[in-house]
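**Q** have a look at this prediction, sequence included:
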Amino acid sequence: MANINTDYLDDLVKRFKGFKSPNDTQQLIIILGEKDNRSEDDNRKLAVLMKAERKADQLAKARADARRMIDADKAKARKAEVRRKMIWMGAFEKMASEDSDRKIDLIRLMIEAFESGFISDRDKDVVRDDIGF
């Protein structure tokens, strides 16, 4: 008799019965898993199907792990970019606070960015007071 992990089989049957449209393999696992008197041939088929399903689960987990890793790297890069921009803007604002000509230059750049479409419409209300509009 083929070695069937009944706990795993029960989990698969429950999971697949909850699917709106189980595929052919999943439907066959449901049918064979709920069959009372499975033949040796049924058990061999079921063992192969369960092995394939276990591999599919491992693949899905590996893909999810890879996606999480990629997303974490992207988030790290975005945070570094935001930090870099904040450091530069802080330096520019410090320079402008210490020199009136630099302050005028910075305000001119801010006005130009505001009026030339470099600031999105949804963000204009946030920065409008910075340029005296």
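**A** Received it, and whenever you're ready, just let me know what you need.
**Q** do I have it right that residue 50 meets residue 7?
**A** No. In this structure residue 50 lies outside contact range of residue 7 using CB atoms under 8 Å: 11.3 Å. All C-beta spots, glycine's among them, are computed from the backbone N, C-alpha and C.
**Q** the protein: helices as residue ranges?
**A** With helices called from DSSP state H, the chain shows them at 6-17, 24-34, 40-98, 100-115, 121-127.
**Q** tell me the spacing between residue 60 and residue 53.
**A** 10 Å (CB to CB, to the nearest Å).
**Q** of the two, who's got more company?
**A** Regarding residue 60 and residue 53, a neighbour count based on other CB atoms under 10 Å identifies residue 53 as having more, with 18 against 10.
**Q** check the gap between the residue nearest to residue 113 when sequence neighbours are not counted and residue 30 for me.
**A** Take residue 113 and drop its neighbours on the chain: the residue closest to it by CB to CB, 6 or more residues apart in numbering is residue 119, 5.8 Å away. Plainly put, residue 119 is 57 Å away from residue 30 if you go by CB to CB.
**Q** what does residue 127 give?
**A** 59 Å.
**Q** shaky segments in the protein?
**A** Along the chain, segments meeting pLDDT under 70 span 1-2.
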